[in-house]
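Undergrad: sequence and predicted structure, then a few things I'm wondering about:
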Amino acid sequence: MPQPPRPAGAFTLAAGAADSPVLLHVPHSAREIPDDVRTSIVLDGPALERELDHITDAHTARIAETAAGACALTPWVFANRLSRLVVDPERFPDGREEMLAVGMGAVYTHTTHREVLRAAGADPEPLLDRYFRPYARAMSEAVAGRLAATGRAVIVDVHSYPSRPLPYELHGDGPRPEVCLGTDPFHTPPALLAAAREAFAGCGDVGLDSPFAGTYVPLEFYGTDPRVSALMVEIRRDTYMSEPGGPAGPGLTRLASALTALVDALPG
């Protein structure tokens, strides 16, 4: 079956060292929404800007790129260049996705405040076909490239989250440490988790799987290939920026340095 063409500029893969197994993944840092996708969103201009302030993991691409540039062995960086309001590449594209309960599956129908984002009955399939599947395929290829080159792949997901829970959060009543490490029982080995705890120790409290849990692994490898390890790094936004969508502050440099330390601690 022919594959849909990759949308130009929707995502980028910055090459790292040929012998680096590490892939920094930045899925939620962008705010861009193509004009033809904007027409499916019912929010007016100011309301959409407010929603982007809340939903975007602002400046996380800068954190990842700064960290990568300082690493002894440069990791690869895969970054989404479109807003997660186009598609969310980290959701399951089917009924396994728990965020469907609040209208935030692979294609969102509701906002962070549980208001309508897209009209009822909107067909998600065109967006999945145009954006979600090409992204997933490209990430799978990036992981396969690291496996072929080094025999393993280490995915480090770079995210951020608000200091106070938003209405869409299903597990917002738990701890909200400065750094939350999301894990997977199959794909997060103890050594990777220990290295992350040590690397981020100087950034404040480092918690585990609260308020967000899990990791991102392409479905081709998920739960089946132990050569692919993964960790989600969730940074509380008030530690490095003005909330909800303001500029970055000096904390960004400290966090980028911690991410560099994590990558450098992983053997090549």
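TA: On my side now, so go ahead. Residues are numbered from 1 along each chain as shown.

Undergrad: going forward, measure contacts and count neighbours with C-alpha atoms only.
TA: OK.

Undergrad: okay, helices next: where are they in the stretch 101-250 of the chain?
TA: Counting by DSSP state H, counting those that start in this stretch, the stretch 101-250 of the chain has helices at residues 125-127, 133-150, 190-199.

Undergrad: dump these into a markdown table; add distance to Ala30, mean neighbour count and mean pLDDT as well.
TA: A markdown table is the format used below for the helices of the stretch 101-250 of the chain (distance: least, Cα to Cα, whole Å; neighbours: other Cα atoms under 10 Å; pLDDT from 0 to 100):
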| stretch | distance to Ala30 | mean neighbour count | mean pLDDT |
| --- | --- | --- | --- |
| helix 125-127 | 17 | 12 | 97 |
| helix 133-150 | 15 | 18 | 98 |
| helix 190-199 | 25 | 17 | 97 |
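
Undergrad: can you give me the strands for the stretch 101-250 of the chain?
TA: All strands of the stretch 101-250 of the chain, identified by DSSP state E, counting those that start in this stretch, fall at 153-161, 179-182, 206-208, 228-236.

Undergrad: let me have these in CSV, adding mean neighbour count as columns.
TA: Formatted as CSV, these follow (neighbours: other Cα atoms under 10 Å):
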stretch, mean neighbour count
strand 153-161, 25
strand 179-182, 25
strand 206-208, 20
strand 228-236, 25
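
Undergrad: and of the helices of the stretch 101-250 of the chain, who's closest to Gly223?
TA: Closest to Gly223 of the helices of the stretch 101-250 of the chain is helix 133-150 (Cα to Cα; 14.0 Å).

Undergrad: now the closest one and strand 153-161, what's the angle there?
TA: 140 degrees (axes from the mean of the first three to the mean of the last three Cα atoms, to 10 degrees).

Undergrad: now helix 133-150: how far from the chain's centre is it?
TA: Centre-to-centre, helix 133-150 and its host chain are 16 Å apart (Cα atoms, centre = their mean, to the nearest Å).

Undergrad: now it and strand 228-236, what's the angle there?
TA: Computed by the same axes, to 10 degrees, the angle between helix 133-150 and strand 228-236 is 120 degrees.

Undergrad: what is helix 133-150 packed up against?
TA: strand 153-161 (3 or more Cα pairs under 8 Å, 6 or more residues apart in numbering; DSSP states H and E).

Undergrad: that older thread, of the helices of the stretch 101-250 of the chain, which is nearest Phe11?
TA: Per Cα to Cα, nearest to Phe11 of these: helix 133-150, 7.2 Å.

Undergrad: which of the helices of the stretch 101-250 of the chain sits closest to His59?
TA: Across the helices of the stretch 101-250 of the chain, closest to His59 is helix 190-199 (Cα to Cα), at 19.6 Å.

Undergrad: where does pLDDT dip in the stretch 101-250 of the chain?
TA: Filtered on pLDDT under 70, the stretch 101-250 of the chain yields no residues whatsoever.

Undergrad: reformat the helices of the stretch 101-250 of the chain as CSV; add distance to Gly105.
TA: Conversion of these to CSV gives the following (distance: least, Cα to Cα, whole Å):
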stretch, distance to Gly105
helix 125-127, 12
helix 133-150, 14
helix 190-199, 28
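
Undergrad: looking at those helices, which is closest to Ala106?
TA: Nearest to Ala106 among those is helix 125-127; the distance by Cα to Cα comes to 9.2 Å.

Undergrad: contacts for that closest one next, please.
TA: When contacts are defined by Cα atoms under 8 Å, 6 or more residues apart in numbering, helix 125-127 is touched by residues 86-87, 107.
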